[in-house]
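*Asks:* heads up, no residue letters with this:
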């Protein structure tokens, strides 16, 4: 076996210079099993830069009180900062109005909110919901639950061996019973970037609204909901340098107005008597109870950080990492890449001949390289490709070409143990 | 600190490559399925138990090396044993894997199965090693299936 480092030409130079950004991330300086951490599990969750962590601390130390409640100064500060974060999110995805931004616990809750508020209001016996073959479980199970309750059914857009949706087949799925398209923007298991803009246009020609699962898109590319013209867009904070427990559901105001609240409680009401409750206006109608104030404000800081780095530069650097890593992986005998879409995010799903992904994951971990091994909450994708699980390396803008080399060296080591 | 060779010892790699008692028994009178929902791994066990003794045992499944080697070595260890002794071995194996039994200082009957002691350092892999044993326990108790998430270990 030749050393991977010796035979490779020098890695490409990136405009982003991740080495200059890495000191911003305290956790990236840590060691695992005595080795420097090489964090390649960003599709599961990303790491937080110091400025974002400090925003959390500042809120807790100086600004915390409940929002939309009291007349005292702290409550006013908390409310102002919370609503400022909503405006940051609005600008980040280019929504028309702040009331179209609903804070949720994350993508999963956003999808469940649409299932309850839209699905239960408009999807009935015999109706159909179109999903794709590469959905995460969180964009399958809520719709299955609704179908069971209502006697509706799921129609699935198939994909080819590269992991690209078959658009001709997609168009054929529409009929007068189609009520919704629920589609992943970027696949977490394959990295495929779906051509959602055209797919949304096709759905709208049939008068069908579209929900996008944007969990893997917002951290890696510029997302413009007006340009996409999607009806709903759900994403999570913790995959884009923000904290866990916070996410955003964007919805077109016209649709959100027609929907029933997801949960009942405080903040989502205008007035309550035992006879009747009048619901609050958007977005509060969908934010029952005290919201995750600190997490929302911190997510705003994460969006500011990403914007300062520049989403275009982020996308550019990650594409360079993807192409460098893909080239390296393809040269290793016994490695099979799962997912080879022409338009792809920096996610590498692969199998190693004769080696279970979990064993590969453990052995790489002992080298300090954190990857994910398993079905990635996308079991139908695994079934489609006939594998029980894959190993997945997923990159963020703070990853370097040297870390790709560490992954490749680690894979050689794994193969040596199992040789 | 765990190193790769400590966990993936030769005997484990050998049983992974050439699993013993692999397949399904045609004349089985006990069986159980084991699932690890975290990774989707799955094994099936079939046994022929006569007069309280394990006359024959076989396993099959798509799993990681730790789980496959554990299953393979388990079948070797319990074949010919009576159900009671196999039950004690199940308990000892679970205790070793979860760190309750220190095989360095405490008496045990695990023999070569001691090679799995290293998994206690890696909590996510304990389940892989214990799944076959959990499945054997289910077969003894006439339960059709076992999962790593039932909270018994």
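*Replies:* Structure received. What you see is a predicted model, and the numbers here were worked out from it, not measured in a lab.
*Asks:* and the residue lying closest to residue A:12 once chain neighbours are set aside, how far is that from residue A:401?
*Replies:* Excluding its sequence neighbours, the residue lying closest to residue A:12 (Cβ to Cβ, 6 or more residues apart in numbering or on different chains) is residue A:320, at 5.4 Å. For glycine as for every other residue, the C-beta is placed from the backbone atoms N, C-alpha and C. Applying Cβ to Cβ, to the nearest Å, the value for residue A:320 to residue A:401 is 8 Å.
*Asks:* what do these two both touch?
*Replies:* Common neighbours of residue A:320 and residue A:401 (criterion: Cβ atoms under 8 Å, 6 or more residues apart in numbering or on different chains): A:12, A:14.
*Asks:* where are the low-confidence patches of chain B?
*Replies:* Across chain B, the stretches falling below the confidence threshold (pLDDT under 70) are B:1-2, B:149-153.
*Asks:* repeat that with 90
*Replies:* In the prediction, chain B carries residues with pLDDT under 90 at positions B:1-7, B:36-41, B:62, B:103-104, B:107, B:118-125, B:142-153.
*Asks:* Which residues are in contact with residue A:225?
*Replies:* A:93, A:94, A:95, A:233, A:250.
*Asks:* Any chance of a PyMOL selection covering the buried ones in those?
*Replies:* Listed next is the PyMOL selection for buried residues among the contacts of residue A:225, using 16 or more other Cβ atoms under 10 Å in any protein chain shown:
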select buried, chain A and resi 93+95+233+250
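*Asks:* Would you mind measuring from whichever residue of chain B sits closest to chain A to residue A:199?
*Replies:* Taking Cβ to the nearest Cβ, chain A has its nearest neighbour within chain B at residue B:64, 3.8 Å off. Distance, residue B:64 to residue A:199, by Cβ to Cβ: 37 Å.
*Asks:* What mean pLDDT does the helix or strand hosting residue A:52 get?
*Replies:* Take DSSP states H and E as the rule and residue A:52 turns out to sit in helix A:50-58. In this model, helix A:50-58 has a mean pLDDT of 98.
*Asks:* Kindly spell out which helices and strands sit in contact with it.
*Replies:* Applying 3 or more Cβ pairs under 8 Å, 6 or more residues apart in numbering or on different chains; DSSP states H and E, one finds that helix A:50-58 contacts helix A:293-309.
*Asks:* ok, and for the helix it packs on, which residues are buried?
*Replies:* A:293-306, A:309.
*Asks:* And for stretch A:332-339?
*Replies:* A:332, A:335, A:337, A:338, A:339.
*Asks:* Identify, by residue count, the longest helix of chain B.
*Replies:* In chain B, assigned by DSSP state H, the helix with the most residues is helix B:123-140.
*Asks:* Report the distance from whichever strand or helix holds residue A:83 to the chain centre.
*Replies:* Assigned by DSSP H and E, residue A:83 belongs to helix A:73-92. Its chain's C-alpha centre lies 23 Å from the corresponding centre of helix A:73-92 when counted by Cα atoms, centre = their mean, to the nearest Å.
*Asks:* List the contacts of that helix.
*Replies:* Where contact means Cβ under 8 Å, 6+ apart, the residues beyond helix A:73-92 that reach it are A:59, A:63-69, A:95, A:97-98, A:100-101, A:103, A:218, A:223, A:248, A:283, A:291, A:293, A:296-297, A:299-300, A:303-304, A:306-307.
*Asks:* What is the burial count for residue A:201?
*Replies:* If you count neighbours by other Cβ atoms under 10 Å in any protein chain shown, residue A:201 ends up with 12.
*Asks:* In this structure residue A:364 contacts residue A:414, no?
*Replies:* Yes: at 6.5 Å, residue A:364 counts as touching residue A:414 under the criterion of Cβ atoms under 8 Å.
*Asks:* wouldn't residue A:206 be in contact with residue A:177 here?
*Replies:* No: the pair residue A:206 and residue A:177 does not pass the contact test of Cβ under 8 Å, sitting 10.6 Å apart.
*Asks:* how about low-confidence regions in chain A?
*Replies:* In chain A (pLDDT under 90), the answer is A:1-16, A:68-71, A:265-270, A:276-277, A:374-377, A:379, A:388-389, A:419.
*Asks:* again, only this time at 50
*Replies:* Within chain A, the stretches with pLDDT under 50 are A:1-7.
*Asks:* Show me what from it comes close to chain B.
*Replies:* Taking Cβ under 8 Å from any Cβ of the partner chain as the contact definition, chain A meets chain B at A:33-34, A:355-359, A:362-363, A:366, A:373-375, A:379, A:382, A:388-389, A:413, A:417-418.
*Asks:* Just those: which are in helices?
*Replies:* Assigned to helices by DSSP H, the following of these qualify: A:357, A:358, A:359, A:362, A:363, A:366, A:379, A:382, A:413, A:417.
*Asks:* Please tell me how far the fourth one sits from residue B:135.
*Replies:* Pointing back at residue A:362 there. Separation of residue A:362 from residue B:135 (Cβ to Cβ): 21 Å.
*Asks:* So the two - more neighbours on which side?
*Replies:* residue B:135 (28 against 24).
*Asks:* Leaving out the residues flanking it, which one is nearest to that one?
*Replies:* In this structure, residue B:135 finds its nearest non-sequential neighbour in residue B:34, 3.3 Å apart by Cβ to Cβ, 6+ apart.
*Asks:* For the one you found, name its beta-bridge partners.
*Replies:* Assessed by DSSP bridges, residue B:34 has beta-bridge partners residue B:43, residue B:146.
*Asks:* show me the contacts for it.
*Replies:* By Cβ under 8 Å, 6+ apart, the contact set of residue B:34 is B:42-45, B:61, B:131-132, B:134-135, B:138, B:145-148.
*Asks:* Which parts of chain B are strands?
*Replies:* Counting by DSSP state E, residue ranges of the strands within chain B are B:30-36, B:41-50, B:53-62, B:145-147.
*Asks:* So which elements touch the last one?
*Replies:* If contacts are counted by 3+ Cβ pairs under 8 Å, 6+ apart, strand B:145-147 sits against strand B:30-36, helix B:123-140.
*Asks:* report the angle between the axes of the shortest one and helix A:357-366?
*Replies:* What separates the directions of strand B:30-36 and helix A:357-366 is an angle of 40 degrees, with axes from the mean of the first three to the mean of the last three Cα atoms, to 10 degrees.
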